[in-house]
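Chemist: got a sequence here, can you build the structure:
(one chain, ligands or ions: 1)
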Amino acid sequence: MSVTDPQPPAPDSRSDAAQEALHDRIAADSLTTRRDYLRIVATVSGGLAVGGVAVASGILHRHGDSDGRPEAKRIADQILPGESLAFRYPGSEDRAVAVRLEDGTLAGYSAVCTHLACAVLWRKERGSEGELYCPCHEGVFDARTGEVTAGPPPRGLPKVLLVEESDGSVWAIGTARSGESAREGLCRQLGDDRPDLADRLGCPGASARGAAPERSERT
Ligand code: FES
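Modeler: Next up is the predicted model:
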């Protein structure tokens, strides 16, 4: 699978509008030039828009790498509005939940309560758009943000970053810690080893890392 790299954004163009424009351009490129290429209609849960190229070249095709980054995992053929899905990510023992809100927003979280690690459940009928609920001590989390809205949990749920492919399939591609944005989580997991992708996503310090000359090995 080959991927045509788009031009990186100018260093001073990392506003949300620029990110969206970049995403649109990348999506257009992929639609017109790469029929066999995995296209992602990519808004990462949590609101971060990333181009299909960024996702496909940086994460999906690296399946099997042992660089410490969670592998991308297809979790569903589709998730319809109002539906939820229990799955495991990033490890086989890590409980997670994906929900599709009625307005189409896709959100993914760890399903391990941040209080005493009970399983968090989706309650579609509660509130205006459902809620994530921990039955052990009545902990409640906002379905859109994962933040605590009631009960004893000390912090919000860690996020599982989801993207939706153009065929409707849903993939988990990474995680973000409690209080960490989708962008921060993805940037952290890209780390120093993919400065090109980090730069496209506007990760802090990415340009400097990418531009830094390689240090020579000491003998
Ligand atoms: Fe979830 Fe206590 S374990 S509220």
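
Chemist: name the element residue 183 belongs to?
Modeler: Using DSSP states H and E, the element containing residue 183 is helix 182-190.

Chemist: helices and strands around the helix or strand that that helix is followed by, which ones?
Modeler: Sequence-wise, the next helix or strand downstream of helix 182-190 (DSSP H and E) is helix 195-200. Contacting helix 195-200 under the criterion 3 or more CB pairs under 8 Å, 6 or more residues apart in numbering; DSSP states H and E are the following elements: helix 52-58, helix 182-190, helix 206-211. The way it works is simple: take the backbone N, C-alpha and C, and place the C-beta from them, glycine included.

Chemist: in terms of mean pLDDT, which of the ones you listed ranks lowest?
Modeler: Summarising mean pLDDT across those, the least confident stretch is helix 52-58, with a mean of 45.

Chemist: by contact count, what packs against the helix holding residue 183?
Modeler: Under the contact definition 3+ CB pairs under 8 Å, 6+ apart, helix 182-190 sits against strand 48-49, strand 159-165, strand 170-176, helix 195-200.

Chemist: Serialize those to a markdown table and add fields for mean neighbour count and mean pLDDT.
Modeler: Putting the helices and strands packed on helix 182-190 into a markdown table (neighbours: other CB atoms under 10 Å; pLDDT from 0 to 100) gives the following:
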| stretch | mean neighbour count | mean pLDDT |
| --- | --- | --- |
| strand 48-49 | 22 | 50 |
| strand 159-165 | 25 | 86 |
| strand 170-176 | 24 | 85 |
| helix 195-200 | 22 | 73 |
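
Chemist: mind putting these in a markdown table, distance to residue 97 included?
Modeler: Written out in a markdown table, the entries for these read as follows (distance: least, CB to CB, whole Å):
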| stretch | distance to residue 97 |
| --- | --- |
| strand 48-49 | 19 |
| strand 159-165 | 8 |
| strand 170-176 | 11 |
| helix 195-200 | 27 |
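
Chemist: nearest to the ligand, out of the ones you listed?
Modeler: Each of the helices and strands packed on helix 182-190 was checked against the ligand via CB to the nearest ligand atom, and the shortest separation belongs to strand 159-165, namely 17.4 Å.
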